[in-house]
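# How does the following fold in three dimensions:
(2 chains)
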There are 2 protein chains.
Amino acid sequence: MVGYSAAVIRRQQFLIRCLGGGYNSRNKNLHYSSLRMQSLMGGGGLTLESDVISILRSITPSLDPSRHKGQAGKIAVVGGCREYTGAPYFSAISALKIGADLSHVFCTKDAAPVIKSYSPELIVHPILEESYSVRDEHKRSTSAKVIAEVDKWMEIFDCLVVGPGLGRDPFLLDCVSEIMKHARQSNVPIVVDGDGLFLVTNCLDLVKDYQLAVLTPNVNEYKRLIQKVLNCEVNYQDGTQQLLSLAKGLGGVTILRKGESDYISNGEEVSAVNMFGSPRRCGGQGDILSGSVAVFLSWARQRVGKGGWSASPTILGCIAGSAILRKAASLAFENKRRSTLTSDIIECLGESLDELSPVSF
Amino acid sequence: MVGYSAAVIRRQQFLIRCLGGGYNSRNKNLHYSSLRMQSLMGGGGLTLESDVISILRSITPSLDPSRHKGQAGKIAVVGGCREYTGAPYFSAISALKIGADLSHVFCTKDAAPVIKSYSPELIVHPILEESYSVRDEHKRSTSAKVIAEVDKWMEIFDCLVVGPGLGRDPFLLDCVSEIMKHARQSNVPIVVDGDGLFLVTNCLDLVKDYQLAVLTPNVNEYKRLIQKVLNCEVNYQDGTQQLLSLAKGLGGVTILRKGESDYISNGEEVSAVNMFGSPRRCGGQGDILSGSVAVFLSWARQRVGKGGWSASPTILGCIAGSAILRKAASLAFENKRRSTLTSDIIECLGESLDELSPVSF
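Numbers count the residues shown, from 1 in each chain, chains lettered A, B, ... in the order given. Sure, this is the predicted structure:
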């Protein structure tokens, strides 16, 4: 479906070289001798399986007993409304299972007790409001209150995930737009999925030119983004060039295009992840991805600038997040087959991490 | 209890021949050589065990990695009120465990937080209203709002299950009648169980002549249907002819008559499923059945017209749903014996599927 050119392969090799410059000197467990380029799947898709493993290992922080709570990551999910409660839970619990220390959820008052009941591990803030619960004359003051509540926490977050189970209520989306602006002012990275993509597609300025933003569209969300940004239809012949153009058109925002293979670009290079995976397409897997990317992105960001790192933390976060979801989905599928649900995949995140990036002290 | 005539056996053989014309060429894993007619259980009940397996295998879609979320089925359960929350959960989660990608529940506001808390996998819409929560002067506008909310989603659903835990509140049932009419206008198949059967028995026009409707009555619900449609009592001597007459009297609606053996008819032929099963009769098994039939029916419908298929998708959906519930119940009973609960059976759906219809790529 997506064509690959020699230029893309060169870009991918470039990315790997960038990585190599840094982590070689810092992590002696990496096996460069095993680097090899594998051609997988019929459509010409390329993945570098051992490189993905190298990326995972290099960005995952060591579990140093002298570190304290919070240093391995504090993530916040903005999502959860009257209709949707599963999606923000999946995203937030995945962040914890990947290794974040704290995981917050900012959701509506209706959604909070339910999300809390899924797990005592999450910190759930019942602060968002939907139109039906706010009178017109109170909207301005309610909005200010909501934003002030989130702002109290903003500085501590290493990454925001915006969108899982957010819904499309106009008043709620207006508040979330403001939260995104404040996150941007504070240089907090933002991963946007689900209804967050609906919001962003209708207001591209929310992410335009923000190089700490990651969009993770599925097939339909990608189509709408292409239409809005490039004013054309999806090109299935040269999807890679179009993905580059999309990311460039948004000023260097990182796009993770989900599909049979995941393609990742920030407008300068394209990476593909297509190893592992499961053919089961139950709803909720995108939420695991958004929570995982948030953590890996945070970890990669801590490493950038140290030891000669020059690679983009958003690209690395996306590669690692995609790989870990695919690995966990494949493990869950081995066991549960067609009846695999998203919760089963989440239960395999720990084992997947340990296989691909074993704990080092 | 139910007598069988040579005519019925011929009809059953005819059904199998119809199936054979199609799936033979499409699924090389089928073993026609193993086809055999088995006489099981004392009452003369007939089942074709290997044919049931063949049906299951032929309607279950392959897990093609190029497919995306939603293509394996989107199911909605209409049910769940102040009193009942377990039934819609059982039905909706069973649909996911069978292999649907998305499972929605439309229930009352009271029921929603509880159903959501059972599982983050479900999308639960708190939109139905009961009489006690609506003033008379607001009933018309509330009803319009409820129906508009469901209508927003109707086009995406592959099948509706109406009835699990619905209750019998008159205002709620009026709204559900309208939802059924809208589903019918959109050609969305409807599986009716529980209190949905109470509604339909009192208003036969809701399903009459709709050949994408399936009714799944238990012994008492069947009795009331017979009384209402045929104006007589249940005939235990020639139950098969009466079942045919009932389905014909409803204009080709498919009836799955639950019992020691399950009998299925659309007014043209009768099928029986009586292999596997469990002697445990804990409440909730009918909800597993309705969710399962919904998924298999949707899958069978995708296949009809392709590769020479001519069999009824509702009949195939009922046969497959009945078989998988019986298999899961027998597996659960092996382990849990008298203390088997519906949740235990649901946990065995995946293993049952994998035994009867192993995953193919």
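# C-alpha from now on. contacts and neighbour counts both.
Will do.
# how about low-confidence regions in chain A?
A:1-49, A:307-308, A:361 (pLDDT under 70).
# which stretches of it form strands?
A:38-39, A:46-47, A:74-78, A:102-108, A:123-128, A:159-162, A:190-192, A:213-215, A:254-257, A:262-265, A:270-273 (DSSP state E).
# Can you list the buried residues in the last one?
Buried residues in strand A:270-273, defined by neighbour count with 16 or more other CA atoms under 10 Å in any protein chain shown: A:270-273.
# Give me the nearest residue to A:S261, chain neighbours excluded.
The shortest distance from A:S261 to any residue that is not its chain neighbour, by CA to CA, 6 or more residues apart in numbering or on different chains, is 4.5 Å, and that residue is A:N274.
# Sorry, slip of the keys, the one I care about is A:L356.
Beyond its immediate neighbours in the sequence, the residue positioned closest to A:L356 (CA to CA, 6+ apart) is A:I53, lying 6.0 Å away.
# How about A:G196?
Spatial nearest neighbour of A:G196, excluding adjacent residues (CA to CA, 6+ apart): A:G163 at 3.9 Å.
# Same question for A:P126.
The shortest distance from A:P126 to any residue other than its chain neighbours is 4.4 Å, reached at A:K109 (CA to CA, 6+ apart).
# Ramachandran coordinates for that neighbour?
When read as degrees, to the nearest 10, the backbone of A:K109 gives phi -60, psi -30.
# Any idea how many residues pack against A:E351?
The burial metric for A:E351, expressed as a neighbour count using other CA atoms under 10 Å in any protein chain shown, is 16.
# how about the residues of the stretch 201-350 of chain A near chain B?
Counting by CA under 8 Å from any CA of the partner chain, the residues of the stretch 201-350 of chain A close to chain B are A:219, A:259-260, A:278-284, A:336-343.
# now swap in the stretch 1-150 of chain A and tell me
Contact residues of the stretch 1-150 of chain A with respect to chain B, defined by CA under 8 Å from any CA, are listed as A:82-87, A:89-90, A:114-115, A:117-118.
# do you know how far the closest residue to chain B within the stretch 151-300 of chain A is from B:I59?
In the stretch 151-300 of chain A, the residue found nearest to chain B is A:C282; the distance is 4.1 Å by CA to the nearest CA. Per CA to CA, to the nearest Å, A:C282 is found 19 Å from B:I59.
# Just to check, A:G251 is in contact with A:D209?
Yes. The pair formed by A:G251 and A:D209 meets the contact definition of CA atoms under 8 Å, at 4.1 Å.
# ok, the residue in the stretch 1-150 of chain A that chain B sits nearest to - contacts?
When you check the stretch 1-150 of chain A against chain B by CA to the nearest CA, the closest residue turns out to be A:G86, at 4.0 Å. Neighbour list for A:G86: A:80, A:115, A:165, A:284, B:116, B:119-123 [criterion: CA atoms under 8 Å, 6 or more residues apart in numbering or on different chains].
# run the last query once more with 7 Å
Applying CA atoms under 7 Å, 6 or more residues apart in numbering or on different chains, one finds that A:G86 lies in contact with B:120-121.
# For the residue located most distally from the centre of chain A, list the residues it contacts.
Ranked by distance from the centre of chain A (CA atoms, centre = their mean), the top residue is A:E137, with 36.7 Å. By CA under 7 Å, 6+ apart, the contact list for A:E137 is empty.
# A:S143 versus that one, what's the distance?
A:E137 sits at a distance of 11 Å from A:S143 (criterion: CA to CA).
# A:D262 now?
From A:D262 across to A:S143, the span is 37 Å (CA to CA).
# Give the residue from these two that has the larger number of neighbours.
A:D262 (23 against 20).
# can I assume that one is in contact with A:N274?
Yes. Under the contact definition of CA atoms under 7 Å, A:D262 touches A:N274, with a separation of 6.3 Å.
# how far does the longest helix along chain A sit from the chain's center?
Ranked by residue count under DSSP state H, the longest helix found in chain A is helix A:313-336. For helix A:313-336, the distance from its own C-alpha centre to the chain's C-alpha centre is 11 Å (CA atoms, centre = their mean, to the nearest Å).
# and it, what does it pack onto?
Packed against helix A:313-336, as judged by 3 or more CA pairs under 7 Å, 6 or more residues apart in numbering or on different chains; DSSP states H and E, are the following elements: helix A:49-59, strand A:254-257, strand A:270-273, helix A:285-303, helix A:342-347, helix A:349-356.
# Mind jotting down where the helices sit in the stretch 51-200 of chain A?
With DSSP state H, counting those that start in this stretch, the ranges of helices along the stretch 51-200 of chain A come out as A:86-98, A:111-118, A:139-154, A:170-185, A:195-202.
# Got phi/psi on A:N235?
Here A:N235 shows phi and psi, under degrees, to the nearest 10, equal to phi -100, psi 110.
# Any idea how many residues pack against the nearest residue to it once chain neighbours are set aside?
Leaving aside its chain neighbours, A:N235 sits nearest to A:Q242 (6.8 Å; criterion: CA to CA, 6+ apart). When neighbours are counted by other CA under 10 Å, A:Q242 registers 19.
# now swap in A:S292 and tell me
As a burial measure, A:S292 scores 33 neighbours (other CA under 10 Å).
# List the residues that contact it.
A:S292 makes contact with A:94-95, A:98, A:321, according to CA under 7 Å, 6+ apart.
# 10 Å instead, please
A:91-100, A:161, A:191, A:286, A:298, A:317-318, A:320-325, A:349 (CA atoms under 10 Å, 6 or more residues apart in numbering or on different chains).
# I am finished for the moment; much appreciated.
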